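1. Please work out how this folds:
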Amino acid sequence: MTHALRTGGDRGYLRIATEEAFAIPEQLDAYLRLVRDGRADKATTSLWGFYGTSPSERTTFIRDRLLDLDAPRIQAMDETGVDKAILSMTSPGGQVFEAEEAKAIVTRGNDVLAAAVERYPDRYYGMTSIAPQDAAWSVQEIKRGRDELGFKGVMVNSHIQGHYLDEPQFDPILRACAEGDQLLYIHPQSPPDNMIAGMVEAGLDGALFGFGVETGYHLLRIITTGVFDRYPSLQIAVGHGGEALPYWLFRINYMHQASVRSGRYERLKPLKKTVVDYMRENVLVTTSGMASEPAIKLCIEQMGEDRVMYAMDYPYEFVADEVRVHDNLAIPFEQKKKLMQTNAERAFKL
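-> Model (predicted):
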């Protein structure tokens, strides 16, 4: 059913898009230097070697709109009825660089975003980007983002040059998010070289498949290694319908319990709760890039109606009918309002 898309809550709820990307020129230029100098991993070479140079209309649009935080982006929100956008630096953020370069790019990006939020306080919220390569610095940037810049969450672009947040060196970041009551959003990047295998050659890296595989793996590591037992208040969000984990949830839960009982894997220790419990109590998922009624309903059924949030994934996704799919969902109105508005307000403390 086609209907006009307007901001202002005319359908009984606001539309809050929770995974919307931006970039700064220094960031995109640095990706291209990394690729050009042969220092990029296979995934970055594939993705940003293309996105950074392709003359196609789509890639030009994406580059231009990543860099825009003013009238064209606001117009796009108006055209698709998006009332508010929660913005973060596009993947892979600063995580593909050495620490000092990463920190400079991330600091600049956070400052640019804060200025945009100040210009459009009724339309934008920000998430703090960090450089996990330097965990101590990242802890301070999380505090700066919350206390000085007014940001509402923390963005990590999944693996850190092949390393994951459950590893001990990143524990200060997890502790800072938990103690600061900041939602941690894990956004995809393509798999590291030791995982990507033949995905590039098969055309399966990036958003087609590699993103979901790598980020779902990251979240599962966090769950099964006991991060939520250490930090029971920690809240983590992932996009794209939960990177397929809601669909697999029964099997993952069953086989995790069987594996712990068998003693097959030394690192798999008994947890205080089940995988299902952690997914429903510590994890939120968004619908970025998953404008499919059956998929959204599955997420709500598996995760619970308080754990699923709307996202567009602008500018990578910018299709008005995808907004209408959400508006037309055959679910109770109160569930729909939670999906589109109030779950985000609660999770990000807007």
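
2. just for the stretch 101-250 of the chain, where's the confidence low?
-> For the stretch 101-250 of the chain, not a single residue meets the criterion pLDDT under 70.

3. Show me where it has its strands.
-> Along the stretch 101-250 of the chain, counting by DSSP state E, counting those that start in this stretch, strands occupy 124-126, 128-129, 153-156, 183-186, 236-238.

4. longest helix anywhere in this protein?
-> Using DSSP state H to define each element, the chain has its longest helix at helix 99-119.

5. Show me how far it is from its chain's centre.
-> Distance of helix 99-119 from the chain centroid (Cα atoms, centre = their mean, to the nearest Å) equals 17 Å.

6. And stretch 187-203, by the same measure?
-> Average the C-alpha atoms of stretch 187-203, do the same for its chain, and the two points are 18 Å apart (Cα atoms, centre = their mean).

7. how about that stretch: buried residues?
-> H187, P188, Q189, S190, P191, P192, M195, I196, M199, V200 (16 or more other Cβ atoms under 10 Å). C-beta coordinates here come from the backbone N, C-alpha and C atoms, glycine included.

8. Stretch 224-244 now?
-> Buried residues in stretch 224-244, counted by 16+ other Cβ under 10 Å: 224-228, 231, 234-244.

9. Now intersect those residues with the helices, please.
-> Applying DSSP H to the buried residues of stretch 224-244, the entries found in helices are T224, V227, F228, H240, G241, G242, E243.

10. Just give the closest residue to L28, not the sequence neighbours.
-> G52 (6.3 Å; Cβ to Cβ, 6 or more residues apart in numbering).

11. tell me the pLDDT at the one you found?
-> Note for G52: predicted pLDDT of 83.

12. Counting neighbours, what do you get for it?
-> Other residues near G52 number 18, with proximity taken as other Cβ atoms under 10 Å.

13. Could you do the one 4 residues further on as well?
-> One way to gauge burial is a neighbour count; for S56, by other Cβ under 10 Å, it gives 10.

14. Now do it against L47, distance only.
-> 14 Å (Cβ to Cβ, to the nearest Å).

15. so what's V112 closest to, chain neighbours aside?
-> Nearest one to V112, counting by Cβ to Cβ, 6+ apart, is I24 at 5.3 Å.

16. A23 now?
-> A23's closest residue in space is L66 (Cβ to Cβ, 6+ apart), at 4.0 Å.

17. Distance of A136 relative to D171?
-> Applying Cβ to Cβ, the value for A136 to D171 is 11 Å.

18. that older thread, for burial, what's the neighbour tally of the residue nearest to V112?
-> When neighbours are defined as other Cβ under 10 Å, I24 has 21 of them.

19. what does P25 give?
-> Here the number of neighbours of P25 (other Cβ under 10 Å) works out to 12.

20. contacting residues around N343?
-> Taking Cβ atoms under 8 Å, 6 or more residues apart in numbering, we find N343 in contact with L284, D306, R307, V308, M309.

21. bridging residues for the last one?
-> The partner list for M309 in beta bridges (DSSP bridges) reads T286.

22. Identify the residue nearest the geometric centre of this structure.
-> The centre of the chain sits closest to H187, judged by Cα atoms, centre = their mean, with a distance of 3.1 Å.
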